[in-house]
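> Fold the following and give me the result.
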Amino acid sequence: MSDFEATNRLDRIEVLAIRNTEAIAALTTKIDNLTDNVNDLTNNVDRVLSRSAVLDDVLLELRDSQEQQQRNFEEHQRHFDEHQRTTNAALNSLEAILLQLIRIFPQS
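All right, here's what the predicted structure looks like:
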């Protein structure tokens, strides 16, 4: 192999080595950017999952509260119905007493 061929071959190898180095540097930059994007996405997912957990807790508390409110309403409704029955019974008794009083003491 002549000196010219050896120099020419070394020049080509050097050019290829430089291109490979530049390509590796470009890929390294892209990998760094991709890593940053994955980290950002992971952070966003973590925040969303944390918020979802909080909202799940809030929904459970709201459901429990709504169920308690429903039980309270039903209890108040029962009390109201009972008071309505006792009031009606008292009015009926008073009406009967009044009718007896009218019979006993008719108006002249």
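
> Secondary structure class of the residue positioned nearest the centre of the chain, three-state.
The residue at the geometric middle of the chain, judged as the C-alpha nearest the mean C-alpha position with Cα atoms, centre = their mean, is residue 55 (3.1 Å). Classification of residue 55 by DSSP: H, G, I helix; E, B strand; the rest coil places it in helix.

> measure it to residue 33 for me?
Look at residue 55 and residue 33: by Cβ to Cβ, to the nearest Å, they are 33 Å apart. Backbone N, C-alpha and C define where each C-beta goes, glycine included.

> And residue 49, by the same measure?
Using Cβ to Cβ, one gets 25 Å for the distance from residue 49 to residue 33.

> Over to residue 15?
Note on residue 15: its distance to residue 33, by Cβ to Cβ, is 27 Å.

> do the same with residue 86
78 Å.

> ok, now which ones touch residue 41?
With contacts taken as Cβ atoms under 8 Å, 6 or more residues apart in numbering, residue 41 has no neighbouring residues.

> Quick check: which element contains it?
Using DSSP states H and E, residue 41 falls within helix 3-104.

> quick one: that helix to chain centroid distance?
Its chain's C-alpha centre lies 1 Å from the corresponding centre of helix 3-104 when counted by Cα atoms, centre = their mean, to the nearest Å.
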